[in-house]
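>>> Here is my input; please provide its structure:
(2 chains)
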Amino acid sequence: MADAGMTKPLTDRRAAVRPVRAWRNMNAKVASIPMVATVLVIFIGCSLWTVLYSFTDSKLLPRERFVGLEQYERLWGTDRWLVSIGNLAVFGVLSMVFSLVIGFTLAAMLDRKIRFENAFRTIFLYPFALSFIVTGLVWQWILNPTYGVQKVVRDLGWTSFSFDPLYTDSIVIYGILIAALWQGTGLVMCLMLAGIRGIDEDIWKASRVEGISVWKTYIVIIIPMIRPVIVTAVVIIAAGIVKVYDLVVAQTSGGPGNASQMPALYVMDKMFKDQNLAQGFAASTMMLVTVAIVLIPWAYLEFGGKRRG
Amino acid sequence: MTKMKLALALLASAALPQAVLATDLEVTHWWTSGGEAAAVAEMARAFDASGDKWVDGAIAGSGGTARPIIISRILGGDPMGATQLNHGLQAQELIQAGLLQDLTEVAEAEGWKDIIKPISLLDACTFEGKIYCAPVNIHSWQWLWLSNAAFEKAGVAVPTTWDEFVAAGPALEAAGIIPLAMGQQPWQSSGAFSVMAVAIAGQDLWLTVHRDKDEAAAASPEFGKVFEAAVAARSMAAKSNVQDWNQATNLVISGAAGGQIMGDWAQGEFQLAGQVAGTDYTCLPGLGVNEVISTGGDAFYFPVNDDAEVTAAQKRLASLLVSKELQVAFNLKKGSLPIRGDVDLATANDCMKKGLEILAAGAILPSQDELLTPDAQGQIEDLMVEFWNSTTMSAADAHAKYVEIIASAE
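Predicted structure coming up:
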């Protein structure tokens, strides 16, 4: 079996078009059947089911009484949902930008062959090993005015110091952003560092000969060269943004008021707490659409482009 | 062969006695604060003493956290032996789907119709003529709990009405006391509002709005007054940064806050802290304005089970929950009112006696859980939690949104 796998591609490459293409690499195809079935039934099947039932008036249990776009009309007329979408946009953009910038900066700094690189790398990556719930609780304590930063600074003598993001509705989203960045940037840094390390030493030599400054080399030469790594990082960060749930639950439960609500919290509450499945389905369909709007053009550019080139 | 027979005989002898002896029944509930845990321990003790075994399945958080877990376990085919739920529309679809045990037989044998008072409690358990739950207590939301120590410190008399309480607000604040303690969870915001609505708008208007879903009544300026009062209450609660209701109650117990609008379950916390009604704390049913209590309550539902043993044990538990002894022991600890009028609560404290008097006088209202679907309740909670925590949302805005919810409620 191993032999067949090794030699077949070679022969295939010589014969450019084979009539029985579908039967090539049978082993690999058979092996992927469970995954294909999972994708078809669970991802695609259940998604379609959810979309279908979002047009009904299902309450606690799903039922086939179709009401057209009623659930969507209600959804887009609900303040809490609109706040959630706004929060997701702010959180999404900032968390994407800062994760990439901080991640790359840290990676570039570690790349300068500093001392104790391993120790730093471990420290930066450690938060990623924690669950979102733990991260959320830790940051809830740090940002809590009676135990955390505010108290420490006040105890040092600045008694009028006020730092209370989690209880102030206009800035609560930044309190959550800090926690998300603290947890997520370590992984981005590691990915970037791996990419930077993969770059040929000769590139550096050439840029030194040409007299290009270090920071310029990073921005103009290295970043375009590690594009695949950056794309991977973007996908990982984006997936994390859309599904952000537990971090918010642990830090604020969506409060104060509805100021830190996220779409996923709305979906969970409507489906399970308020016994209104259809409304939850409508909301999760909108989340799916959001993801599709972001991902489809990107996937088209990324993969479609390669096939052509 | 003989060995096999012997083994079978042994197995049978081991299995049979077990079958007639204790049955384990897992009971899920969300009674986790100090007072509540003490009360539920009474139930467990009584059930264990009757020969079965109570397996406690407490779910921390609140009803909002626990209910989805409970319901998804029932729907997911992993039913517990028995579970707490609130009366009303929460369980209706589960009953329709045939997932809950019919208790009519037990109810008829024990004459629940004659002993349960007010009868609306049993009506809330009844669906198409059959009884599906065992009510265990009446919990009423309509209470304002006041810390006598806080008012003493502020140098004002303990209020006897909501208006006096609002008037005392500035004095409390000047003394460094939070006038009104409020937890941040949505159900607390919406509960406190509902209490204010009954007290300020009056029960007739409240019923027209919530039972008849009358849009015009909801939009009336009389109902609008509730929102104006809530704006005032909101500023009194601005400094209250706690989450759970019992943390807020603790602020009142310790005198850090002047008062709290909370249901009678708060009473258990005062009791646990060793405080005496009348001297350490004061309670104002109906905010001292409109002495009426809503008779929602907790009830136990029994998910349908394949195991005949479990079903029998479920029925034993149902009848035990309604029994006189347990009603007294449980409700004294929890500070709630018993579901039957024929029990002796001589040891009840002042606040419970007030409640019993109101109940005897018949000044009762259905609870909001019985009138509105969980969906509409959820929308109100979303609105109220935003309103109570906002500094900018005006009374008129909140009022307009409330009218919309009522108009679209089923």
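
>>> I'd say B:Gln271 and B:Ala348 touch.
No: judged on CB atoms under 8 Å, B:Gln271 makes no contact with B:Ala348 at a distance of 10.8 Å. From N, CA and C alone the C-beta is placed, and that goes for glycine too.

>>> which of those two has more neighbours?
Higher neighbour count among B:Gln271 and B:Ala348: B:Gln271, with 22 against 19, using other CB atoms under 10 Å in any protein chain shown.

>>> Let me know the helix or strand that residue 282 is in.
Using chain A here. A:Ala282 is part of helix A:277-299 when elements are defined by DSSP states H and E.

>>> um, chain B though
strand B:281-285.

>>> B:Pro79 too?
Going by DSSP H and E, B:Pro79 is not in any helix or strand.

>>> For the nearest residue to it once chain neighbours are set aside, which residues are in contact?
Nearest non-adjacent residue to B:Pro79, counting by CB to CB, 6 or more residues apart in numbering or on different chains: B:Pro303, 3.4 Å away. Going by CB atoms under 8 Å, 6 or more residues apart in numbering or on different chains, B:Pro303 touches B:74, B:79-83, B:99-101.

>>> So B:Pro303 versus A:Glu201, what's the distance?
Using CB to CB, to the nearest Å, B:Pro303 is found at 68 Å from A:Glu201.

>>> swap in A:Pro228?
Distance from A:Pro228 to A:Glu201, by CB to CB: 20 Å.

>>> Can you pick out the residue with more neighbours from those two?
Higher neighbour count among A:Pro228 and A:Glu201: A:Pro228, with 11 against 7, using other CB under 10 Å.

>>> Could you tell me the per-residue confidence at the more buried one?
Looking at A:Pro228, its pLDDT stands at 88.

>>> Not including adjacent chain positions, what is the nearest residue to it?
Closest residue to A:Pro228 apart from its sequence neighbours, by CB to CB, 6+ apart: A:Gly195 at 7.6 Å.

>>> List the contacts of that neighbour.
Going by CB under 8 Å, 6+ apart, A:Gly195 touches A:107, A:225-226, A:228-230.

>>> among these, who's most crowded?
Neighbours here are counted as other CB under 10 Å. On that basis the top member of the contacts of A:Gly195 is A:Ala107, with 26 neighbours.

>>> quick one: which helix or strand includes that one?
Here A:Ala107 is assigned to helix A:79-111, by DSSP H and E.

>>> got the contact list for the helix or strand harbouring B:Ile74?
Following DSSP H and E, one finds B:Ile74 within helix B:63-75. The contact list for helix B:63-75 (CB under 8 Å, 6+ apart) reads A:60-61, A:272-273, A:275, B:28-30, B:59, B:79-80, B:83-86, B:90, B:94, B:99-100, B:185-187, B:303.

>>> returning to what we had before: show me what the strand holding B:Thr282 packs onto, helices and strands only.
In terms of contacts (3 or more CB pairs under 8 Å, 6 or more residues apart in numbering or on different chains; DSSP states H and E), strand B:281-285 is packed against strand B:143-147, helix B:350-361.

>>> ok, and what's touching the longest one?
Read that as helix B:350-361. Helix B:350-361 has contacts (CB under 8 Å, 6+ apart) with B:117-118, B:138, B:140, B:143, B:264, B:267, B:277-278, B:283, B:285-286, B:291-293, B:295, B:331-332, B:335, B:337, B:341, B:345, B:348, B:364.

>>> tell me which residues in it are buried?
Neighbour counts over helix B:350-361 (16 or more other CB atoms under 10 Å in any protein chain shown) mark B:351-352, B:354-356, B:358-359 as buried.
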